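A.B. asks: Got a predicted model here, sequence first, then my questions.
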Amino acid sequence: QLQLVESGGGLVEPGGSLRLSCTASGFTPNYFAIGWFRQVPGKEREGVSCIDYSDGMTYYGDSVQGRFIISKDNARNTVDLQMNSLRPEDTGVYYCAAERTHAQDMCVWGRIWLRGQGTQVTVSS
């Protein structure tokens, strides 16, 4: 069964950190970009960060550049998003997605073939 499953969301205070993990199953992500997207009610979906699974090339949205780090683990078929210096405006549902394209193309244009259910991230004091 083709699926992406996210884990690691939760509630954190401003300035804190969270680590999200996305596990792919049913397909080999080698020829895909895997990305993290953020959805907030009333706002457009935002491509937070994406990675080319084959060579590790990364892309970050302007709002998270320097604070978030995306990484992959080939052995576990996972893509993690380390989120540091979190801000209230980072609050939203984060979901991972896959598309047969490059990281920047995926994040900027929102090209998605498969997506997970999402995990809630809330940044609040």
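C.D. replies: Ah, there it is.

A.B. asks: what sits against the residue nearest in space to the middle of the chain?
C.D. replies: Central residue of the chain (C-alpha atoms, centre = their mean): residue 36, 1.9 Å from the mean position. Contacts for residue 36 (C-beta atoms under 8 Å, 6 or more residues apart in numbering) come out as 20, 22, 47-50, 70, 79, 81, 94-97. Placement of C-beta: from N, CA and C, glycine included.

A.B. asks: can you do 10 Å?
C.D. replies: The neighbourhood of residue 36, defined by C-beta atoms under 10 Å, 6 or more residues apart in numbering, consists of 6, 20, 22, 46-51, 60-61, 64, 68, 70, 79-81, 83, 94-97, 107, 116.

A.B. asks: again, but for residue 77
C.D. replies: Neighbours of residue 77 in contact, by C-beta under 10 Å, 6+ apart: 4, 22-30, 34, 53.

A.B. asks: What's the local residue count around residue 8?
C.D. replies: Burial of residue 8 is recorded as 16 neighbouring residues (other C-beta atoms under 10 Å).

A.B. asks: so which helix or strand takes in the residue lying closest to it once chain neighbours are set aside?
C.D. replies: With sequence-adjacent residues excluded and distances taken as C-beta to C-beta, 6 or more residues apart in numbering, residue 8 is closest to residue 20, at 4.3 Å. Element membership of residue 20, judged by DSSP states H and E, is strand 18-25.
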